[in-house]
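K.L.:
Make a model of this:
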Amino acid sequence: MLTLKSVNVEIQNSTILRDISLTVAPGELVCLVGRNGAGKTTTFRSIMGFVKPKSGGIDWKGQSIAGMKTHQITRLGIAFSPEESEVFGDLTVAENIALPTETIKTERSAEERISLAYQIFPKLERYRDRSGMHMSGGERKMLSIARAVALDPQLLLLDEPFEGLSPAVIPSISEGIASIRKLGRAVLMAESNGYHIPDYADKVIVIERGEIVFGGTVSEARSNQMVSRIIGG
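P.N.:
Below is the predicted model:
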């Protein structure tokens, strides 16, 4: 479904990504794991059109999306929840989640898409009327992901969904990600801590200094000494 082939990215004359190649199949959960600054977010920003690769290909269902504008890529079925968990603080939870249904139309009704978003994180139902600025860090993360789900994407990019969260919140986020996968949506998730790789992930890809240095199953990643040195877990 998504294919990156030998993607190279330079920013201000510095090489950030070197020959990045990866694939995400329909319904897969793929974890892109690496230390801070390894190139995970740049990979996501390249997919979403914020950064244009110097060379290489980015294909979505066989169509090149390299160089497309972000809103065009989103309309093709790819959504992005950034690490910063940015939500609209002056809007309520309900308004944040409903917003994507007003900007992008899909085959599903707005009501169905909103229902799916709350299905991922039922806790948000209780906070429908609460403003975004009065949410905790974990709640903002849930809202950011739920709002992306309301776009009705076939592929969801999650950048560091567990970063900075208390251990008490992490299981709820993990359950939500598992629910997204059960709905048949593919997920490409970036993570810097090997301990946060879900057991149910289909593939683990390790990036180090802008290069892919490992690709395999969760069990293979956890038994690989090189991977352990880079990300723990």
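K.L.:
Tell me how many other residues surround residue 103.
P.N.:
Residues near residue 103, counting by other Cβ atoms under 10 Å, number 10. For the C-beta atoms, the positions are set from N, CA and C on the backbone; glycine is no exception.
K.L.:
from the middle of its chain, how far away would stretch 42-60 be?
P.N.:
Mean C-alpha position of stretch 42-60 versus that of the full chain (Cα atoms, centre = their mean, to the nearest Å) differs by 14 Å.
K.L.:
go on, stretch 101-118?
P.N.:
That offset, for stretch 101-118, works out to 19 Å (Cα atoms, centre = their mean).
K.L.:
Report the buried residues of it.
P.N.:
101, 104, 106, 113, 114, 116, 117, 118 (16 or more other Cβ atoms under 10 Å).
K.L.:
again, but for stretch 18-28
P.N.:
18, 20, 22, 24, 27, 28.
K.L.:
C-alpha coordinates for it, PDB please?
P.N.:
Taking Å, rounded to 0.1, in the frame of the first residue of the first chain, the C-alpha atoms of stretch 18-28 are listed here in PDB:
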ATOM      1  CA  ARG A  18      19.900   7.900   3.400                       C
ATOM      2  CA  ASP A  19      18.300   5.400   1.000                       C
ATOM      3  CA  ILE A  20      15.300   4.700   3.200                       C
ATOM      4  CA  SER A  21      13.200   1.800   1.900                       C
ATOM      5  CA  LEU A  22      10.100   0.400   3.600                       C
ATOM      6  CA  THR A  23       6.700  -0.900   2.900                       C
ATOM      7  CA  VAL A  24       3.400  -0.900   4.800                       C
ATOM      8  CA  ALA A  25       0.700  -3.400   3.700                       C
ATOM      9  CA  PRO A  26      -3.000  -3.000   4.200                       C
ATOM     10  CA  GLY A  27      -3.900  -3.600   7.900                       C
ATOM     11  CA  GLU A  28      -0.300  -3.800   9.000                       C
END
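K.L.:
ok, back up a step: and the buried residues of stretch 18-28, which is closest to residue 61?
P.N.:
residue 24 (11.2 Å; Cβ to Cβ).
K.L.:
what's across from the closest one in the sheet?
P.N.:
Beta-bridge pairing for residue 24 (DSSP bridges): residue 2.
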